[in-house]
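Chemist: sharing a model prediction with you, sequence too.
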Amino acid sequence: MILQALVNHYENLAERGKVDQEGWSKAKVSYAINLSKDGKILGIFSLKQEEERGKKRVWVPRQIKVPEMVTRSSGVSANFLCDNSKYMLGIDENGTNQRALECFEAAKKRHLWMLRETEGDMAQAVKNFFETWNPEKAEECDEIREKWEEITDGGNLVFCRGVKYAQDDPCIQETWEEARNESSEDEQAGICLVTGKEAPISRIHKTIRGVPGAQSSGAALVSFNAPAFESYGKEQSYNAPVGKHAEFAYTTALNYLLDQRKYTFQLGDSMIIFWAENAEEAYQTAFFDSVDPKPDNQEEIRGIFENLKMNRAVQIGNVTLNPEQQFYILALAPNAARLSVRFFYQNSFGNILKNLSEHYERMSVVRPSWEDKEYMGIRDMLFETVNQNSKDKSPVPNMAAFVLKAILSGVRYPASLYTDILIRIRAEQGKVTWGKAGIIKAYLIRNMNWKEGGKYMGLNEESRETSYVLGRLFSVLESIQMDANPGIKATIRDRYFNSACATPASIFPVLIKLKNSHMKKLEREKGGAKVYYEKLLTELMGKLNEYPKRLSLEEQGKFILGYYHQVQRKYEKKEEK
């Protein structure tokens with residue numbers, strides 16, 4: 001399904017002229033070697049261009065169309081007309097060595113063979129260069145010596161004559177196409193698993209670049225390199241037969257998407273790639289803003305969800321979005337020289353937005369007055385699971401992708417999300433933020449089928465659930481202590497919250513006894529407060545039959561919600577006054 005979707009996307013991109021035709025690719029090229037007709041080096045031209053990266057401006061290689069480049073692992077394999085200094089000049093940062101000479105000889109052999117019958121000044125210049133160039137005398141060339149460090153830094157080099165690149169020469173292009181067609185005839189044929197048609201099978205698939213953490217030269221999505229992974233004696237990618245065209249199409253489409261920042265965002269250790277088939281960029285914008293909403297677009301997101309509920313047209317700017325439009329989300333993570341697929345999800349754009357809307361409804365909870373965000377993005381949710389004082393604030397590596405998949409597809413949240421929130425609250429002695437409360441509420445509704453959960457956006461004074469009432473009671477006892485001792489630095493929350501949440505029967509009798517001394521102090525100093533708290537305690541105690549010995553994880557979540565809601569009610573009353 002993944003490869004088929006990418007192949008279809010390539011066909012759509014090719015129709016619009018946004019990707020290269022088969023047999024060609026875009027490469028990052030740093031320098032061009034200017035040749036005379038007799039193959040002498042006349043100069044080295046920099047092709048780097050200045051780009052804005054964040055707050056800085058940096059010089060980066062230029063993307064240039066070149067003949068399709070080979071996939072290299074550790075052996076020697078030369079590209080045609082575009083390669084690094086080892087292959088093009090036989091040198092590296094340390095000078096000339098055995099490895100560099102082997103690379104140059106491989107490039108020399110390939111270029112002389114490919115261009116043996118090609119006419120034209122450009123082809124003659126390239127042939128003359130490889131026939132006359134001696135890597136061991138590279139330091140004697142002034143043009144090379146002046147830019148030695150720059151051209152040996154690993155970047156790609158191409159040939160040119162003046163302002164014309166060798167790969168743009170019509171005679172050379174014709175030679176390349178003929179050679180490519182000849183090589184495909186000699187390759188093993190079979191049934192392509194992507195298209196279902198008989199075609200030459202690709203032995204090695206091109207690498208995918210742009211996934212953070214993977215090899216900078218690229219990582220493979222489909223590859224086999226050990227007998228344990230092979231079936232029926234089929235080696236390398238013949239084990240999963242993909243035709244040459246399908247292999248080129250899916251790798252080109254995926255590299256194109258990764259190169260366009262508007263189609264990707266990083267979440268945890270995963271790179272999320274998303275696209276709509278043959279559609280406007282408004283789909284990508286709407287999806288990204290819905291998954292990771294910012295404070296300044298909350299109203300727009302609310303408008304999208306409201307229109308979906310009312311079955312009205314969804315608009316972004318001047319573009320009307322079609323809810324039936326097919327949308328694709330792919331999550332990739334680095335895995336040494338390969339890529340790990342965290343998940344692949346496809347659905348109509350309307351259903352994905354509907355699942356997002358339902359998720360935000362489950363997450364909806366009363367917020368502090370200073371909080372201006374109505375919708376908490378995926379990154380913010382994951383941020384709630386980590387220690388805010390830690391240097392490394394990264395969540396568990398694979399949790400990000402699993403949480404995103406659960407939200408987009410409307411299935412149950414990962415259990416680790418809930419348990420990590422509980423662990424974080426315990427570690428912080430009962431510090432419950434609105435984000436943590438929202439995650440707990442959403443988890444209980446979706447995973448535990450808490451049908452009454454929709455009534456718990458704010459304080460539910462009618463609730464008689466023991467765990468929820470206990471959480472409210474703990475909050476009231478803490479408020480009594482704080483009112484009786486203004487300016488106190490540590491409350492019962494710091495010492496007793498975790499125990500009260502897990503084993504109420506062993507802690508609440510102690511807290512009730514402690515409360516009595518605080519009430520006597522309130523009676524002397526704040527008589528009105530004493531009356532208020534006595535009424536509230538009477539109401540809450542009347543809803544309890546006994547203190548449970550233990551609370552389950554589900555009940556602990558309800559305890560925390562009760563505590564959070566009661567605390568927020570206290571601050572609401574202060575703001576009203």
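Modeler: Alright, I've got the coordinates. Numbers count the residues shown, from 1 in each chain.
Chemist: gap between the nearest residue to residue 189 once chain neighbours are set aside and residue 175?
Modeler: Distances taken as CB to CB, 6 or more residues apart in numbering place residue 200 nearest to residue 189, at 5.6 Å, with adjacent residues excluded. Every residue, glycine included, has its C-beta placed from N, CA and C. Here the criterion is CB to CB, to the nearest Å. By it, residue 200 lies 20 Å from residue 175.
Chemist: please apply the same query to residue 365.
Modeler: Distance from residue 365 to residue 175, counting by CB to CB: 67 Å.
Chemist: counting contacts, what elements does the worst-scoring helix or strand of the chain on mean pLDDT pack onto?
Modeler: Among the secondary structure pieces of the chain, namely its helices and strands, strand 314-316 has the lowest mean (mean pLDDT, DSSP states H and E), a mean of 75. Using 3 or more CB pairs under 8 Å, 6 or more residues apart in numbering; DSSP states H and E as the contact definition, the elements that strand 314-316 packs against are helix 281-291, helix 298-309, strand 319-321.
Chemist: quick one, which of those is packed in tightest?
Modeler: Highest mean neighbour count of the helices and strands packed on strand 314-316: helix 281-291, a mean of 19 (counted as mean count of other CB atoms under 10 Å).
Chemist: buried ones in stretch 260-279?
Modeler: Judged by neighbour count using 16 or more other CB atoms under 10 Å, the buried positions of stretch 260-279 are 263-265, 267-276, 279.
Chemist: ends of it, what's the gap?
Modeler: Taking CA to CA, to the nearest Å, stretch 260-279 runs 15 Å from one end to the other.
Chemist: and stretch 457-464, by the same measure?
Modeler: Across its full length, stretch 457-464 reaches 16 Å between end residues, using CA to CA.
Chemist: stretch 267-283 too?
Modeler: Counting by CA to CA, the length from the leading to the trailing residue of stretch 267-283 is 19 Å.
Chemist: tell me the mean pLDDT for it?
Modeler: Within the predicted structure, the mean pLDDT of stretch 267-283 is 85.
Chemist: how far does it sit from its chain's centre?
Modeler: Average the C-alpha atoms of stretch 267-283, do the same for its chain, and the two points are 10 Å apart (CA atoms, centre = their mean, to the nearest Å).
Chemist: how about stretch 174-181?
Modeler: For stretch 174-181, the distance between its averaged C-alpha position and the chain's averaged C-alpha position is 38 Å (CA atoms, centre = their mean).
Chemist: touching that stretch from outside, list them.
Modeler: Stretch 174-181 is contacted by residues 23, 67-68, 80, 114-115, 117-118, 123, 167 when judged by CB atoms under 8 Å, 6 or more residues apart in numbering.
Chemist: list the buried residues of it.
Modeler: By 16+ other CB under 10 Å, the buried positions in stretch 174-181 come out as 175-176, 179-180.
Chemist: cool, and stretch 133-150?
Modeler: Residues of stretch 133-150 classed as buried under the neighbour-count rule (16+ other CB under 10 Å) are 133, 135, 138, 141, 144, 148.
Chemist: residue 408: which of the helices and strands packed on strand 314-316 is closest?
Modeler: Each of the helices and strands packed on strand 314-316 has some distance to residue 408 by CB to CB; the shortest is helix 281-291, at 8.1 Å.
Chemist: which neighbouring elements make contact with the longest helix belonging to the chain?
Modeler: Criterion DSSP state H: the longest helix present in the chain is helix 553-576. Applying 3+ CB pairs under 8 Å, 6+ apart, we find helix 553-576 packed against helix 415-427, helix 434-447, helix 466-484, helix 492-502.
Chemist: next, the angle from the third one to helix 492-502.
Modeler: To tie it back to what came earlier, the one meant is helix 466-484. Counting by axes from the mean of the first three to the mean of the last three CA atoms, to 10 degrees, helix 466-484 lies at 170 degrees to helix 492-502.
Chemist: taking helix 553-576 as reference, get the angle to helix 466-484.
Modeler: Interaxial angle of helix 466-484 relative to helix 553-576 (the same axes, to 10 degrees): 40 degrees.
Chemist: re the thing from before, for residue 48, which of the helices and strands packed on strand 314-316 is the nearest?
Modeler: Shortest distance between residue 48 and the helices and strands packed on strand 314-316, using CB to CB, is found for helix 281-291: 27.9 Å.
Chemist: helices or strands up against that closest one?
Modeler: For helix 281-291, the elements it packs on are strand 270-276, helix 298-309, strand 314-316, strand 319-321, helix 349-363, judged by 3+ CB pairs under 8 Å, 6+ apart.
Chemist: can I get those in JSON lines including distance to residue 454?
Modeler: Shown next, in JSON lines, are the helices and strands packed on helix 281-291 (distance: least, CB to CB, whole Å):
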{"stretch": "strand 270-276", "distance to residue 454": "29"}
{"stretch": "helix 298-309", "distance to residue 454": "15"}
{"stretch": "strand 314-316", "distance to residue 454": "24"}
{"stretch": "strand 319-321", "distance to residue 454": "28"}
{"stretch": "helix 349-363", "distance to residue 454": "8"}
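Chemist: tell me, how many neighbours does the residue nearest to residue 189 end up with?
Modeler: If you count neighbours by other CB atoms under 10 Å, residue 200 ends up with 18.
Chemist: surely it is within a helix?
Modeler: No: checked against DSSP: H, G, I helix; E, B strand; the rest coil, residue 200 lies outside a helix; its state is strand.
Chemist: if I look at it, how far off is residue 566?
Modeler: Distance, residue 200 to residue 566, using CB to CB: 70 Å.
Chemist: now do residue 363
Modeler: 20 Å.
Chemist: with residue 150 instead?
Modeler: Shown here: residue 150 relative to residue 566, a distance of 66 Å by CB to CB.
Chemist: what does residue 375 give?
Modeler: 25 Å.
Chemist: need the per-residue pLDDT for residue 73.
Modeler: Here, the pLDDT recorded for residue 73 equals 67.
Chemist: now do residue 475
Modeler: On pLDDT, residue 475 comes in at 95.
Chemist: quick revisit: restricted to helices, list the buried residues of stretch 133-150.
Modeler: The helices in this structure, assigned by DSSP H, contain 144, 148 from these.
Chemist: just to revisit the earlier point, shouldn't the residue nearest to residue 189 be in contact with residue 182?
Modeler: No: shown here, residue 200 and residue 182 do not form a contact pair, counting by CB atoms under 8 Å, at 11.6 Å.
Chemist: what residues are up against residue 561?
Modeler: Contacts here follow CB under 8 Å, 6+ apart; on that basis residue 561 touches 437, 440-441, 444, 456, 468, 471.
Chemist: which of those lies closest to residue 357?
Modeler: Residue 357 has its nearest neighbour among the contacts of residue 561 in residue 441, at 15.9 Å by CB to CB.
Chemist: how close does that closest one get to residue 295?
Modeler: 22 Å.
Chemist: just want to know which of these two has more residues nearby.
Modeler: More crowded of residue 441 and residue 295, by other CB under 10 Å: residue 441, with 25 against 10.
Chemist: what helix or strand is the nearest residue to residue 417 once chain neighbours are set aside located in?
Modeler: In space, not counting the residues next to it along the chain, residue 417 is nearest to residue 403; the distance is 5.7 Å by CB to CB, 6+ apart. In this structure, residue 403 is located in helix 399-409 according to DSSP states H and E.
Chemist: what residues of that helix count as buried?
Modeler: Under the neighbour-count criterion of 16+ other CB under 10 Å, helix 399-409 has 399-408 buried.
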